[in-house]
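Asks: Okay, structure incoming, though there's no sequence with it:
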């Protein structure tokens, strides 16, 4: 006999897989469309034409950690107060690169990442030796100010429990223009198909080695397939901040949408411990 909770989790996983398939298909169509545009412009314009690429993820009004609402779920009658402060002055930088940055970190050293957000500072211990490509990429992007002034665009409060960030466009479709390989998928913390609270992991398109800049922070144990690179662990103070953000709810009232809290990364920094 399948319990209601088991059925809800099964539906969440099924929806998640459907979302991945739709995003992959959309990405392929976008590549084909961009190729046609490039060919036409190549005839009209003499010289090189720089095409805008949408990066790693496609927007399905959601990014890469799916959820499913239960039949009883309904929009909230009232919106919870915003627990966060006004964002710092500044705007997102539009940056893109053609390939993964060269390895510059010391893979034997310890690194930490600090997300200075409108809701408080979230400290993250990075798993450098287990996920060197991922940590090196975040070190590079943070040094360029890539994450600064970007919104965390997605909060999931039903089925899985994550806050997703790392897309400067705020749509769930942005990325740095390059991808990085999957890493650390056999991390000892991932037991029984669960990403434990405090895990920081990469979002992807549902295909192998398609991580870019988007990542999610798990604020409550979440059942997910082990296909998202776990590359960090949130500190105790940061986990309290995530739970504060989650308590404010999300915009749809159905458990998966933009956070009601004004979650903006004023500045992201990576430092060698």
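Replies: Right, received. Where do you want to start? Keep in mind that what you see is a predicted model, and the values were worked out from it rather than measured.
Asks: so what's the residue nearest to residue 190 when sequence neighbours are not counted up against?
Replies: In this structure, residue 190 finds its nearest non-sequential neighbour in residue 226, 5.1 Å apart by CB to CB, 6 or more residues apart in numbering. Every C-beta, even on glycine, is put in place using the N, C-alpha and C of the backbone. With CB atoms under 8 Å, 6 or more residues apart in numbering as the criterion, the residues that contact residue 226 are 185-186, 190, 193.
Asks: hey, what's the most centrally placed residue in the chain bridged with?
Replies: Central residue of the chain (CA atoms, centre = their mean): residue 215, 2.7 Å from the mean position. In this structure, residue 215 has the following beta-bridge partners (DSSP bridges): residue 165, residue 202.
Asks: Surely it is in contact with residue 162?
Replies: No: counting by CB atoms under 8 Å, no contact exists between residue 215 and residue 162, whose distance comes to 9.6 Å.
Asks: if we can go back for a sec, now the residue nearest to the centre of the chain: how far from residue 270?
Replies: For residue 215, the distance to residue 270 (CB to CB, to the nearest Å) stands at 13 Å.
Asks: Could you pull up the mean pLDDT of stretch 95-109?
Replies: The pLDDT scores in stretch 95-109 average 97.
Asks: Helices along the stretch 51-200 of the chain, start to end?
Replies: Per DSSP state H, counting those that start in this stretch, the stretch 51-200 of the chain has helices spanning 132-143. These are given in chain order.
Asks: got the contact list for the longest strand anywhere in the chain?
Replies: With residue count as the measure and DSSP state E as the assignment, the chain has strand 264-272 as its longest strand. Taking CB under 8 Å, 6+ apart as the criterion, the residues outside strand 264-272 that touch it are 84, 87-88, 90, 105-106, 109-118, 126, 135, 138-139, 141-143, 145-152, 165.
Asks: Just the buried ones from the residues you listed?
Replies: In terms of neighbour count (16 or more other CB atoms under 10 Å), the buried residues within the contacts of strand 264-272 are 84, 87, 105, 111-115, 117-118, 126, 135, 138-139, 141-142, 146-152, 165.
Asks: between the contacts of residue 226, which is closest to residue 263?
Replies: Distance to residue 263 across those (CB to CB) is lowest for residue 190, with 25.3 Å.
Asks: circling back to that earlier point, buried among the contacts of residue 226? Make that a PyMOL selection.
Replies: For the buried members of these, the matching PyMOL selection, counting by 16+ other CB under 10 Å, is:
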select buried, resi 185+190
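Asks: Need the contacts of residue 226 in a markdown table (columns: distance to residue 100 and pLDDT).
Replies: Listed next are the contacts of residue 226 as a markdown table, based on distance: CB to CB, whole Å; pLDDT from 0 to 100:
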| residue | distance to residue 100 | pLDDT |
| --- | --- | --- |
| 185 | 18 | 98 |
| 186 | 22 | 97 |
| 190 | 24 | 97 |
| 193 | 29 | 94 |
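Asks: I'd like the contacts of residue 226 as a markdown table, with distance to residue 220 appended.
Replies: Written out in a markdown table, the entries for the contacts of residue 226 read as follows (distance: CB to CB, whole Å):
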| residue | distance to residue 220 |
| --- | --- |
| 185 | 21 |
| 186 | 23 |
| 190 | 15 |
| 193 | 15 |
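Asks: by how many degrees do the longest strand of the chain and helix 132-143 diverge?
Replies: 120 degrees (axes from the mean of the first three to the mean of the last three CA atoms, to 10 degrees).
Asks: Pass me the low-pLDDT residue ranges in the stretch 1-150 of the chain, would you?
Replies: 1-79 (pLDDT under 70).
Asks: how far away is the nearest residue to residue 87 once chain neighbours are set aside from residue 158?
Replies: By the measure of CB to CB, 6+ apart, the closest residue to residue 87 outside its immediate chain neighbours is residue 264, 4.1 Å from it. With the distance defined as CB to CB, residue 264 ends up 24 Å from residue 158.
Asks: Could I get the contacting residues of the closest residue to residue 123 other than its chain neighbours?
Replies: The spatially closest residue to residue 123, leaving aside those adjacent along the chain, is residue 235, at 4.1 Å (CB to CB, 6+ apart). Shown here is residue 235, whose contacts under the criterion CB under 8 Å, 6+ apart are 122-125.
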